[in-house]
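In: I would like the atomic coordinates for the input below:
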Amino acid sequence: MNAQGSTGRYWHWAADGRMQCDLCPRDCKLNDGQRGACFVRMRQGAEMRLTTYGRSSGFCIDPVEKKPLNHFYPGSSVLSFGTAGCNLACKFCQNWDISKSRDMDRMMDEASPDAIALAAQQYGCKSVAFTYNDPVIFAEYAMDVALACHTRGIRTVAVTAGYLHDAARREFFANMDAANVDLKAFTEDFYFRLTGAHLQPVLDTLVYLCRETSVWVEITTLLIPGKNDTDAEITALSQWVYRELGAEVPLHFSAFHPDYKMPDVPATPLATLARARRIAMREGLRFVYTGNVRHAEGDTTFCPACHAPVIERNWYELHRYALDAQGHCTHCGAAIAGRFDPTAGSFGRKRIPIAIAPREAG
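Out: Numbers count the residues shown, from 1 in each chain. All right, here's what the predicted structure looks like:
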């Protein structure tokens with residue numbers, strides 16, 4: 001990839017002569033040759049370098065519901081990819097082999113932004129998702145890919161923890177059509193002890209997205225037994241979403257499985273997810289889902305007006321689809337929040353790894 005493309009933005013010279021990264025609230029100060037906490041943003045002389053620009057840990061075509069996005073062109077396919085590294089330090093990371101990787105040789109796949117957009121078009125993907133690790137740390141690469149995608153009519157999706165400063169936040173999400181934001185818990189103590197980060201910047205990102213942009217937003221909270229799954233915390237989280245973001249923002253409660261630095265914590269029982277879903281709906285949220293488990297009710301989209309099932313799912317596969325071309329319930333005519341095509345997609349639950357040529361498409 002060209003040197004210009006791998007030049008990073010979002011930094012300034014600190015008073016002590018070091019380069020301070022302004023991408024996220026970690027505010028890493030770098031000496032020459034030093035990398036930030038995310039591992040991929042590095043000072044090289046008087047420049048910020050993106051060491052993973054144009055390099056990926058792999059490309060795969062997924063159902064969009066796997067991101068998870070249940071109200072963003074249901075049943076469509078999305079070309080997914082990530083790089084390496086992360087600006088959080090979650091002890092429970094479910095993709096730790098990618099996000100915590102310090103081995104650049106893991107990233108064997110290279111592709112230019114236009115090559116990715118072209119591949120998405122050729123494979124019939126509705127969108128491209130920046131996922132597996134947090135795309136904010138490779139923001140410049142993601143934004144370049146997004147521009148190439150939009151030129152070809154391909155939409156873009158960010159799967160992110162939302163941990164970034166305001167200036168970067170505004171530029172990054174201006175290039176995104178949808179986002180699933182991980183709201184990992186609803187206490188500062190959890191964020192500080194288990195992620196090495198802070199809660200408020202994530203809340204700021206969610207408020208910004210829902211109040212000031214046209215980005216379609218869904219939220220995922222990974223429920224970890226004994227850490228963030230009490231009735232009180234789930235209630236507080238649900239009340240905040242309802243009050244600050246609105247009743248129609250979909251919320252996904254996802255099951256934890258023992259991994260990384262928390263192998264002794266048990267997997268999340270289905271009963272916990274179902275309980276969380278009931279609490280959130282009791283607090284007024286209209287679209288609440290369960291994830292990483294088989295749960296027909298928690299997979300299904302119900303009309304908030306007549307309560308009829310309008311999208312029935314089984315493990316990323318769509319069955320009943322009762323929405324008209326404008327996204328209204330065919331039973332009662334009520335509008336369902338989201339982005340919808342006149343008919344549902346039929347990609348199903350497939351997962352298709354692909355290879356992309358690294359050179360610019362001509």
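
In: next, the contact list for Glu248, please.
Out: Arg286, Phe287, Pro304, Ala337 (Cβ atoms under 8 Å, 6 or more residues apart in numbering). Backbone N, C-alpha and C define where each C-beta goes, glycine included.

In: same check, this time on Gly345
Out: By Cβ under 8 Å, 6+ apart, the residues touching Gly345 are Val64, Tyr73, Pro74, Gly75, Ser76, Ser77, Lys126, Leu318.

In: who wins for neighbours among the residues you listed?
Out: Highest neighbour count within the contacts of Gly345: Val64, with 27 neighbours (other Cβ atoms under 10 Å).

In: circling back: just the contacts of Gly345 now: which is nearest Ala168?
Out: Of all the contacts of Gly345, the one with the least separation from Ala168 (Cβ to Cβ) is Val64, at 25.3 Å.

In: how near is the nearest residue to Leu23 once chain neighbours are set aside to Cys21?
Out: Leaving out its chain neighbours, the residue that sits closest to Leu23 by Cβ to Cβ, 6 or more residues apart in numbering is Tyr10, at 4.4 Å. In this view, Tyr10 and Cys21 are 6 Å apart by Cβ to Cβ, to the nearest Å.

In: packing partners for the helix or strand Ala276 falls within?
Out: Element membership for Ala276 (DSSP states H and E) is helix 270-282. Identification of packing neighbours for helix 270-282 by 3 or more Cβ pairs under 8 Å, 6 or more residues apart in numbering; DSSP states H and E yields strand 216-223, helix 231-240, strand 251-255, strand 288-291, helix 296-299.

In: hey, C-alpha coordinates of the last one in CSV?
Out: In other words, helix 296-299. The C-alpha coordinates for helix 296-299 follow below in CSV (Å, rounded to 0.1, in the frame of the first residue of the first chain):
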residue,chain,number,x,y,z
ALA,A,296,-36.8,-18.0,18.7
GLU,A,297,-38.6,-15.3,20.6
GLY,A,298,-35.4,-13.4,21.2
ASP,A,299,-34.5,-13.6,17.5
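
In: which one of the contacts of Gly345 sits closest to Asp189?
Out: Val64 (33.8 Å).

In: domain assignment for this protein?
Out: 11-50, 55-354 (automatic domain parsing).

In: still on that earlier bit, cross the contacts of Gly345 against strands and list the overlap.
Out: Among the contacts of Gly345, the ones falling in strands (DSSP state E) are Ser77, Leu318.

In: and the contacts of Gly345, which is closest to Pro250?
Out: For the contacts of Gly345, the nearest to Pro250 is Pro74 (11.5 Å; Cβ to Cβ).

In: now the strands for the stretch 101-250 of the chain?
Out: Counting by DSSP state E, counting those that start in this stretch, the stretch 101-250 of the chain has strands at residues 109-110, 127-130, 155-160, 178-182, 216-223.

In: list the helices and strands the shortest one packs on?
Out: What that stands for is strand 109-110. Going by 3+ Cβ pairs under 8 Å, 6+ apart, strand 109-110 lies up against strand 55-56.
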